[in-house]
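A.B. asks: A predicted structure for the sequence below; I have some questions about it.
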Amino acid sequence: MRYPPAFVLKRLILLLMIVWTAATLNFFIPKLTPRNPLREKLLEDASRGGYIPPGFNEMVQGYEKKFGLDQPVWKQYLTYMGDMARFDLGYSISNFPKTVGELIGEAIPWTIGLLTVTTALAFLIGTLLGALIAWSRSPSWLNYLVAPLLTLSAIPFYLLALILIYFVAFQWKLLPLGGGYSFGIVPSFSAAFIFDVMKHAILPALSIILASTGGWAIGMRGMMVTVQGEDYMTFAEAKGLKPRRLFFRYAVRNALLPQVTGLALSLSFIVSGSVLVELVFGFPGIGTLLARSVGQLDYFLIYGIVFIIIVAIGVAMFIMDMIYPLLDPRISYE
Amino acid sequence: MDRLQGVLRYIRRNPALGAGIGILLFLILFSVIGSFITNPQDAYPLAAPASKPPSAEFIFGTDGQGRDLFAVAVAGTWLTIRIGLIAGVIGVTIGTVLGFTSAFYGGWFDIVVRWVVDVLLTVPGLLVLIVIASSLGDKAVDINGMALIIAMLAWMGPTRTIRSQVLSMRERPYVMMARLNGMSGLSIIFRELIPNLLPYLGASLVGSTNGAIFASIGLAALGLGPLRDPTLGVTIYWVMNQGAFVRGMWWWAAVPISIIVLIFVMLFLISAGLDELANPRVRRTV
């Protein structure tokens, strides 16, 4: 049996703990600081000339009642946890009366699209490249790729993004400087709009792919070298199997497993990195929304985004843990 | 002299470590010599004419707010490495203590430590730091405060590494020998285990320093934390905020980017080198 109940249960508890930690940090960290976001916002508005958006006072009262600020802390905490369990993230301060959930909902498809495509591509290209570099029958010039790949893997995504913007978008004017689509184009499912979105997504995607391909290639190269020294490789070669089959079915198949573990472990790193890439390009995803909410002191939006991202990573880790035994029949969780 | 020659001979066998240390020495020399020939005040706004490209007078040019970028580079290199080192050292210290106690005493303490580490390693540190830094505001913390905040999330990696190494090492024959000889627990830790753990401790330190520098630059690029001090991350923030590229001021971005790339490549090479030092068996293969 591949999924002993104890293993699944342990992973589920880990997922719950992650979500609970995220929510708890969001609740307590702001409480430890002397700032009061609602009051600051009111003061700021008042000092700007007294314009307060209609309904803002109701919102403050709603919040104070909702958080029950006169209640003991443990009661506030329980109420907050109940809200989080229902994904009720409250209202955005700077975009009132929009809710945090609505704003995140608008931004998240962009981020998911960018992240899944780039992570999948970088993983595939990097793994294949690393395998080819280590493969003894590959042309030797592939070895010259190692140094640049190492360098790329050490650089944060957003620095590469800045460099790409300067040369490709600013100097050579090949692609747009940033944003998700051109001004004046109405989002729709037309070919023109999709083409426009693709054009804007190339540079953010390229910077994530370039920077993370290196890491996958280096890791795969190390594993391939080890696998090639195994006895079953010598035996398979002695049997006269075709090199192609040796490469894919014997070497790559076995070297792939630590790569998948690595993918699960680096998810949070990839997400942190891409938040900053989005910011550099002003890509209309969750990273840019986060940067904007930081700039506008929109605390509920900040906490909501951080909570949602952490939950998403936890769920992704859980799914990967469940996929892993399918890839490696040797693993038993007994 | 013999020792030095031995070290040099080892570095020839371990070029990654050598190259990493070489870049580190270069960066140290750059900030030390630089601090003698620049005035620290030049790294702040209005110290120089704004937006000048590199020239004989300002060899790295000046930024849009009149900072001399050479002075920024000198001050920023040191400040950025300092944040990383403070957070890294604290992280490794906490990690070593927790890793040792958790591996030695086991039981519920070990279970709690392992769960906390597992959970916190999944949560992206940068995001938690964003929550903390945005709740604190930009005036409440200085550079050292920032380093302490980052250190709060820099201990999980070292804890996990040290714990698993201690678990495997305490069953080795030489530890048994020491125990049979009547050595006390503490002297076993300090005279048998720590010396063998040194490469791992070094690699952990490099790892958490790397993470801390990444986090500090990321936070600053988002406009969080102290924006007054001329760190490399803050310089990146101004580059993006003031539209350096649209104004054609490539040198403004080139200065912080090159130094940050050097720092990260240096840390990567040193950690790869320490890896070889710790596991000589993979030396020929990787």
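C.D. replies: Perfect, I can see it now.
A.B. asks: Below-threshold pLDDT in the stretch 101-250 of chain A: ranges please.
C.D. replies: By pLDDT under 70, the weakly predicted segments of the stretch 101-250 of chain A are A:183-184, A:186.
A.B. asks: Would you mark the buried spots in the helix or strand hosting residue B:201?
C.D. replies: Secondary structure assignment for residue B:201, by DSSP states H and E: helix B:194-221. If you call a residue buried by 16 or more other C-beta atoms under 10 Å in any protein chain shown, then helix B:194-221 has these buried ones: B:197, B:199-221. The way it works is simple: take the backbone N, C-alpha and C, and place the C-beta from them, glycine included.
A.B. asks: and what of stretch A:315-332?
C.D. replies: Of the residues in stretch A:315-332, those buried (16+ other C-beta under 10 Å) are A:316, A:317, A:318, A:320, A:321, A:324, A:325.
A.B. asks: Run a quick neighbour tally on the closest residue to residue B:65 other than its chain neighbours.
C.D. replies: Residue nearest to residue B:65 in three dimensions, not counting chain neighbours: residue B:45, with 4.2 Å by C-beta to C-beta, 6 or more residues apart in numbering or on different chains. Applying other C-beta atoms under 10 Å in any protein chain shown, we find 14 residues neighbouring residue B:45.
A.B. asks: Averaged pLDDT, the helix or strand harbouring residue A:258. What do you get?
C.D. replies: Taking DSSP H and E as the definition, one finds residue A:258 inside helix A:253-281. Predicted confidence along helix A:253-281 averages 84 (mean pLDDT).
A.B. asks: go on, stretch B:9-21?
C.D. replies: Averaging pLDDT along stretch B:9-21 gives 85.
A.B. asks: Over to stretch B:153-166?
C.D. replies: 89.
A.B. asks: How about that stretch, which residues are buried there?
C.D. replies: Neighbour-count burial for stretch B:153-166, with 16+ other C-beta under 10 Å as criterion, is recorded at B:153-163, B:165-166.
A.B. asks: Residue B:21: which element?
C.D. replies: Here residue B:21 sits within helix B:15-37, counting by DSSP H and E.
A.B. asks: Alpha carbons only: can I get that helix in PDB?
C.D. replies: Only the C-alpha atoms of helix B:15-37 are listed here, as PDB (Å, rounded to 0.1, in the frame of the first residue of the first chain):
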ATOM      1  CA  PRO B  15      39.200  25.700  -6.700                       C
ATOM      2  CA  ALA B  16      35.600  26.700  -5.700                       C
ATOM      3  CA  LEU B  17      36.700  27.500  -2.200                       C
ATOM      4  CA  GLY B  18      39.800  29.400  -3.500                       C
ATOM      5  CA  ALA B  19      37.700  31.500  -5.900                       C
ATOM      6  CA  GLY B  20      35.100  32.200  -3.200                       C
ATOM      7  CA  ILE B  21      37.700  33.300  -0.700                       C
ATOM      8  CA  GLY B  22      39.400  35.300  -3.400                       C
ATOM      9  CA  ILE B  23      36.200  37.300  -4.100                       C
ATOM     10  CA  LEU B  24      35.700  37.700  -0.400                       C
ATOM     11  CA  LEU B  25      39.200  39.200   0.000                       C
ATOM     12  CA  PHE B  26      38.500  41.500  -2.900                       C
ATOM     13  CA  LEU B  27      35.300  42.800  -1.400                       C
ATOM     14  CA  ILE B  28      37.000  43.300   2.000                       C
ATOM     15  CA  LEU B  29      39.900  45.200   0.400                       C
ATOM     16  CA  PHE B  30      37.400  47.200  -1.600                       C
ATOM     17  CA  SER B  31      35.500  48.300   1.500                       C
ATOM     18  CA  VAL B  32      38.500  48.900   3.700                       C
ATOM     19  CA  ILE B  33      40.600  50.900   1.100                       C
ATOM     20  CA  GLY B  34      37.400  52.600  -0.100                       C
ATOM     21  CA  SER B  35      36.500  53.700   3.400                       C
ATOM     22  CA  PHE B  36      39.900  55.500   3.600                       C
ATOM     23  CA  ILE B  37      39.500  57.400   0.300                       C
END
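A.B. asks: Can you check what angle separates it from helix B:194-221?
C.D. replies: Put simply, helix B:15-37 runs at 60 degrees to helix B:194-221, going by axes from the mean of the first three to the mean of the last three C-alpha atoms, to 10 degrees.
A.B. asks: So which bits of helix B:15-37 are buried?
C.D. replies: Buried positions in helix B:15-37, judged by neighbour count with 16+ other C-beta under 10 Å: B:16, B:17, B:18, B:19, B:20, B:21, B:23, B:24, B:27, B:30, B:31, B:34.
A.B. asks: go on, stretch A:139-148?
C.D. replies: A:145, A:146.
A.B. asks: hmm, it touching chain B?
C.D. replies: No: using C-beta under 8 Å from any C-beta of the partner chain, stretch A:139-148 stays clear of chain B, coming no nearer than 10.2 Å.
A.B. asks: Can you measure across that stretch, start residue to end residue?
C.D. replies: 17 Å (C-alpha to C-alpha, to the nearest Å).
A.B. asks: Repeat that for stretch B:188-201.
C.D. replies: 17 Å.
A.B. asks: and residue B:124, how many neighbours?
C.D. replies: Residue B:124: 23 neighbours (other C-beta under 10 Å).
A.B. asks: In the stretch 151-286 of chain B, what residue lies closest to chain A?
C.D. replies: Nearest residue of the stretch 151-286 of chain B to chain A: residue B:268, at 3.8 Å (C-beta to the nearest C-beta).
A.B. asks: quick one on the thing from earlier: quick one: the helix holding residue A:258 to chain centroid distance?
C.D. replies: 8 Å (C-alpha atoms, centre = their mean, to the nearest Å).
A.B. asks: Check the burial of residue A:77 by counting its neighbours.
C.D. replies: When counting by other C-beta under 10 Å, one arrives at 16 neighbours for residue A:77.
A.B. asks: Could you check the helix holding residue B:201 against chain A for contacts?
C.D. replies: Yes: residues of helix B:194-221 contacting chain A under C-beta under 8 Å from any C-beta: B:214, B:217, B:218, B:221.
A.B. asks: Helix A:253-281 and that helix, what's the angle between them?
C.D. replies: Going by the same axes, to 10 degrees, helix B:194-221 is angled at 40 degrees with respect to helix A:253-281.
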